[in-house]
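Enquirer: only geometry, no sequence info:
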């Protein structure tokens, strides 16, 4: 009896310290993982055929980093949660998850992580795993730092504040949506990779939807082996990728895919059957010069999920074709956001249309060379300032700093406008000095009083200008505009949703009783998103005529680089709504001044009957031909782009 009791005791003790059997993450997930939600409860997880390689990668000793460039609705979010579950339960580790922003870290923590560990609707194996013990010297559990009773931890980090990942070693590290990373400290992925430098078996995942060519996500995919999913044709058995180019977009077979071999239409109903026999492979002919290699072999396993493979209603092939048709119609009207959403979200590929690529500084510099389209003015040895098509001049002033700050100055650009709002860039200046001092504004007055000579001898002055309000020199802007309401208007940008380009001016002056003075200076609110959209729409016009923007000798290379530096980035998690952001390190003074000059044109139009405005302006210009009005030139210096601020 004693011997048997000791033997049983030894067996029980051995069972306690016996290491868990080495299973793959795919086996673990199929047995233990659940889809959890605070509102929908939990559901048993089923790994789709195209997802199986994802779930094998974390426990594959040959794979150090797994990259997935994907559309939406392919189950990647659940894959990331499954990785967290595996490395906190079966193989306890210190997991780091990197989200684009602090707000997304907070949302992910409360909506995804908390639901996994919830006692009621969480994953059964994770029940009671979160540690609530207070250990002296150890960080307290919070929304971005969660300790588990088995020694594992989950560390959530924002790419916008990567310093929170300093002085720690983490593995695995999971990067979410790197295309939207905006870090003040350079390469977020490269910096955090070093956090796992001393781990004996590091593992990383980089997953997300690309936005533009060569963004973080696109670069990561190209550094790997660039695998694609190949499906057998249900008619001839030929393996092929499901390329968007092979989709039939009209006719009785609309929404089906034409086989590359037999040309027979493949219906969406065949997808599940095809996926069972499909596989990942690396196509020939791809540029692999940037791959990350070890002993000549790629150490990153990349995955590319094409359209229609999410088994979700939103990815049904016929709906892809209809959404593309709607996006194409919007693009013809100048709205490219739906087409970008279609390529990024539905197809999972970077997108940049051929016209948008011409909006860079180099692309606009090529336009400046096209004298056949009326660019490059005024030409050598010409005595006139502006082309004949200009009927009204407006200006935009960007106020930089004040009170002794670095780089304080006024940045001024002058635009000429003709029929159909065709535009000509006339001049660009910088007035150095403190905007809180009167001498700077006196120099701006000189520009206001300048008479510009048109090619046919007509004489013009700036009809109205907009000045940036809201910075360190806001009071000086108000004081300046107060006595010059016929020539200058204070403007302030607003990022509020669906705000029009220009609103009705609101009084900003108050009397001794703190009441606004209706007849005093007014502040005009400019809709940031719509004004940037309108500038982009104008720059996309490629033929001279209504809406076309001309560039002359005043349009220096640096001005053209500043004219449209903004990038469209996702505003919402589902990537159905985008917003404009200025990339770090870029300058946008040229674009801001141009937008204010256009808003000034809209204010000028309020002085006229729109039906006859251009006729009246043309009559005024013709009346000035041969007049004896002075033509003094401004004494402020032209912009010196070699200065460093």
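Expert: Arrived safely. Note that the coordinates shown come from a computational prediction; the quantities given were computed from them, not determined experimentally. Numbers count the residues shown, from 1 in each chain.
Enquirer: could you list the low-confidence segments of the stretch 201-350 of the chain?
Expert: Scanning the stretch 201-350 of the chain for pLDDT under 70 picks out 308-315, 334.
Enquirer: show me where it has helices.
Expert: Secondary structure of the stretch 201-350 of the chain by DSSP state H, counting those that start in this stretch: the helices cover 216-223, 271-276, 317-332, 337-341.
Enquirer: need those in JSON lines (columns: mean neighbour count).
Expert: Just so you know, the C-beta spots here come from the backbone N, C-alpha and C atoms, and that holds for glycine as well. JSON lines is the format used below for the helices of the stretch 201-350 of the chain (neighbours: other C-beta atoms under 10 Å):
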{"stretch": "helix 216-223", "mean neighbour count": "22"}
{"stretch": "helix 271-276", "mean neighbour count": "16"}
{"stretch": "helix 317-332", "mean neighbour count": "16"}
{"stretch": "helix 337-341", "mean neighbour count": "20"}
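Enquirer: the residue lying closest to residue 496 once chain neighbours are set aside: neighbour count?
Expert: Of all residues not flanking residue 496 in the chain, residue 527 sits nearest, at 7.3 Å (C-beta to C-beta, 6 or more residues apart in numbering). Applying other C-beta atoms under 10 Å, we find 22 residues neighbouring residue 527.
Enquirer: report the contact partners of residue 527.
Expert: When contacts are counted by C-beta atoms under 8 Å, 6 or more residues apart in numbering, residue 527 touches 493-494, 496, 498-503.
Enquirer: narrow those to those in strands?
Expert: Those of the contacts of residue 527 mapping onto strands are 493-494, per DSSP state E.
Enquirer: neighbour count added to the contacts of residue 527, as TSV?
Expert: Output for those, formatted as TSV (neighbours: other C-beta under 10 Å):
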residue	neighbour count
493	20
494	14
496	10
498	7
499	17
500	12
501	19
502	22
503	13
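Enquirer: find the residue at the geometric middle of this protein.
Expert: Centroid-nearest residue in the chain: residue 569, 1.9 Å away (criterion: C-alpha atoms, centre = their mean).
Enquirer: helices or strands up against the helix or strand encompassing that residue?
Expert: Assessed by DSSP states H and E, residue 569 sits inside strand 567-570. Secondary-structure packing of strand 567-570 (3 or more C-beta pairs under 8 Å, 6 or more residues apart in numbering; DSSP states H and E): strand 578-581.
Enquirer: next, the buried residues of the strand it packs on.
Expert: Within strand 578-581, the residues that qualify as buried are 578-580, counting by 16 or more other C-beta atoms under 10 Å.
Enquirer: that older thread, from residue 595, how far out is the residue nearest to residue 496?
Expert: Using C-beta to C-beta, to the nearest Å, residue 527 is found at 10 Å from residue 595.
Enquirer: re the thing from before, quick check: mean pLDDT of the strand holding residue 569?
Expert: Average pLDDT, strand 567-570: 76.
Enquirer: neighbouring strands - and their directions - for that strand?
Expert: Partners of strand 567-570 in the sheet, by DSSP bridges, are strand 578-581 (antiparallel).
Enquirer: immediately after the partner strand, which helix or strand?
Expert: Per DSSP H and E, the first helix or strand lying C-terminal to strand 578-581 is helix 589-605.
Enquirer: which helices and strands sit right next to that following helix?
Expert: So helix 589-605, by 3+ C-beta pairs under 8 Å, 6+ apart, packs with strand 392-400, strand 409-417, strand 423-432, strand 462-468, strand 488-494, strand 522-527, helix 528-539, helix 557-563.
Enquirer: so which of the ones you listed gets nearest residue 115?
Expert: Across the helices and strands packed on helix 589-605, residue 115 has its closest neighbour in helix 528-539 (33.6 Å, C-beta to C-beta).
Enquirer: show me what that closest one is packed up against.
Expert: Other helices and strands packing on helix 528-539, by 3+ C-beta pairs under 8 Å, 6+ apart, are strand 488-494, strand 578-581, helix 589-605.
Enquirer: format the ones you listed as TSV; extra columns: mean pLDDT and distance to residue 87.
Expert: TSV is the format used below for the helices and strands packed on helix 528-539 (pLDDT from 0 to 100; distance: least, C-beta to C-beta, whole Å):
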stretch	mean pLDDT	distance to residue 87
strand 488-494	92	45
strand 578-581	79	33
helix 589-605	95	46
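Enquirer: to residue 391, which of these lies closest?
Expert: In terms of C-beta to C-beta, the element of the helices and strands packed on helix 528-539 nearest to residue 391 is helix 589-605, at 10.5 Å.
Enquirer: so what's the gap between the closest one and the chain middle?
Expert: Offset of helix 589-605 from its chain centre (C-alpha atoms, centre = their mean, to the nearest Å): 24 Å.
Enquirer: any buried residues in that helix, and which?
Expert: For helix 589-605, a neighbour-count test (16+ other C-beta under 10 Å) marks 589-604 as buried.
Enquirer: what's around residue 610, how many residues?
Expert: Residue 610 has 8 neighbours, counted by other C-beta under 10 Å.
Enquirer: can you tell me the SS state at it?
Expert: At residue 610 the chain is in coil, as set by DSSP: H, G, I helix; E, B strand; the rest coil.
Enquirer: and for residue 544?
Expert: Recorded secondary structure, residue 544: coil (three-state DSSP).
Enquirer: ok, the closest residue to it other than its chain neighbours to residue 545 distance?
Expert: Nearest residue to residue 544 in three dimensions, chain neighbours excluded: residue 373, at 5.0 Å (C-beta to C-beta, 6+ apart). Distance of residue 373 to residue 545, given as C-beta to C-beta: 10 Å.
Enquirer: burial count for the closest residue to residue 622 other than its chain neighbours?
Expert: Nearest non-adjacent residue to residue 622, counting by C-beta to C-beta, 6+ apart: residue 458, 6.6 Å away. Look at residue 458: counted by other C-beta under 10 Å, it has 22 neighbours.
Enquirer: from here on, count from 417
Expert: In the new numbering, first residue 417, that becomes residue 874.
Enquirer: ok, now which ones touch residue 874?
Expert: Residue 874 makes contacts with 804, 1037-1038, 1040-1041, as judged by C-beta under 8 Å, 6+ apart.
Enquirer: repeat for residue 444
Expert: Counting by C-beta under 8 Å, 6+ apart, residue 444 has contacts 501-502, 506.
Enquirer: if you set the cut-off to 7 Å instead, what comes out?
Expert: 502, 506 (C-beta atoms under 7 Å, 6 or more residues apart in numbering).
Enquirer: can you check residue 598 too?
Expert: 576, 1000.
Enquirer: from residue 999, how far off is it?
Expert: Shown here: residue 598 relative to residue 999, a distance of 8 Å by C-beta to C-beta.
Enquirer: same thing with residue 963?
Expert: For residue 963, the distance to residue 999 (C-beta to C-beta) stands at 26 Å.
Enquirer: between the two, which has more neighbouring residues?
Expert: Neighbours per residue (other C-beta under 10 Å) separate residue 963 from residue 999, with residue 963 holding more: 17 against 11.
Enquirer: and the more buried one, how far from residue 837?
Expert: In terms of C-beta to C-beta, residue 963 sits 6 Å off from residue 837.
Enquirer: show me how far stretch 786-801 is from its chain's centre.
Expert: Distance, stretch centre to chain centre, for stretch 786-801: 37 Å (C-alpha atoms, centre = their mean).
Enquirer: give me the residues contacting it.
Expert: Contact partners of stretch 786-801, identified using C-beta under 7 Å, 6+ apart, comprise 783-785, 803, 842, 868-871, 960, 966-969.
Enquirer: looking at those residues, which are in strands?
Expert: If you go by DSSP E, those have 842, 868-869, 966 in strands.
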